[in-house]
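[1] Got a predicted structure here, sequence first:
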Amino acid sequence: LQDENTSSEDGEPDLSEALLARKLGVPFNILNEACTIFKQYSNFSKAKSLRKSKLSMDKFGQVLCHVCNGRSVDNLDADFVDEHFRSADRDGNGFIDVEEFCIWHGSAAFAENMNLHESEQEIRGISRRLGLNVVDVERFHGMFKKFDLDNSGVIEYEEFVQLLYQLLKVPEGQILPPERVSGLWREADWDSSGEIDFEEFCRFYTNRFGGENPFMQDFDFSSFYKNVRRTGR
């Protein structure tokens, strides 16, 4: 191992990974892994120096995605990213240097919430945003997968119609009025994207089928079924 500080392009002594590992009391292989990740996502390619390199919050989100084996930063909960960034940014200057990163990586990268599967992170994020119990959101996730017949990750209109028939327990031989189905679809499709993602499903299900809820109370099922037409007549 090279124990002496190396030099950057401007001749100023740079940090040696071996000395940094010794200073932080971290096994060299673990620190080397942290430095490799830091170099990939920080401005190291421009700074050409570990000592001068910094990691921004935007890039830190990509680091979390890398460590959590996520497909996209968009799938990470914003509070989750912010919590870990503040934990890593020990001096609070808005950037993470290599020493701060190595300390964070060694202490937090393998914590329980860092090893959650992407779907579990999504469930916890939705739970926080919608103020729902995690157990309930997990149950909703199972229902969502059941209604997502083509496993596309979203519920399309035809799938939504089948969802309504099951949730409303429409008697065999009867059909739901198209205008009521369209109205519920517009309510469920929060962003008018033409499909319902999992968070929209949780919001819709909670509002319409969540028990003691003002939205539920406004929905008159007795009058609804009066408008349900029988087929074959």
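    Noted; the coordinates are in hand.
[2] Quick one: name whatever helix or strand follows the helix or strand hosting residue 182.
    According to DSSP states H and E, residue 182 maps onto helix 178-188. Downstream of helix 178-188, the first helix or strand assigned by DSSP H and E is helix 198-209.
[3] Dump the C-alpha coordinates for that following helix into PDB.
    The C-alpha coordinates for helix 198-209 follow below in PDB (Å, rounded to 0.1, in the frame of the first residue of the first chain):
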ATOM      1  CA  PHE A 198     -49.500   2.700  -7.000                       C
ATOM      2  CA  GLU A 199     -49.600   5.900  -5.000                       C
ATOM      3  CA  GLU A 200     -52.700   7.000  -6.900                       C
ATOM      4  CA  PHE A 201     -54.300   3.600  -6.200                       C
ATOM      5  CA  CYS A 202     -53.500   4.000  -2.400                       C
ATOM      6  CA  ARG A 203     -55.100   7.500  -2.400                       C
ATOM      7  CA  PHE A 204     -58.200   6.400  -4.300                       C
ATOM      8  CA  TYR A 205     -58.700   3.200  -2.300                       C
ATOM      9  CA  THR A 206     -58.300   5.000   1.000                       C
ATOM     10  CA  ASN A 207     -60.700   7.800   0.000                       C
ATOM     11  CA  ARG A 208     -63.400   5.500  -1.400                       C
ATOM     12  CA  PHE A 209     -63.000   2.300   0.600                       C
END
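[4] contacts for that helix?
    For helix 198-209, the surrounding residues in contact (CB atoms under 8 Å, 6 or more residues apart in numbering) are 122, 126, 129-130, 132, 137, 140-141, 143-144, 147, 153, 155, 167, 184, 187-191, 196, 213, 215-216, 219. Backbone N, C-alpha and C define where each C-beta goes, glycine included.
[5] Based on its surroundings, how many neighbours for residue 15?
    Residue 15 has 20 neighbours, counted by other CB atoms under 10 Å.
[6] still on that earlier bit, does anything pack onto the helix holding residue 182? Which helices or strands?
    Counting contacts by 3 or more CB pairs under 8 Å, 6 or more residues apart in numbering; DSSP states H and E, helix 178-188 packs against helix 157-167, helix 198-209.
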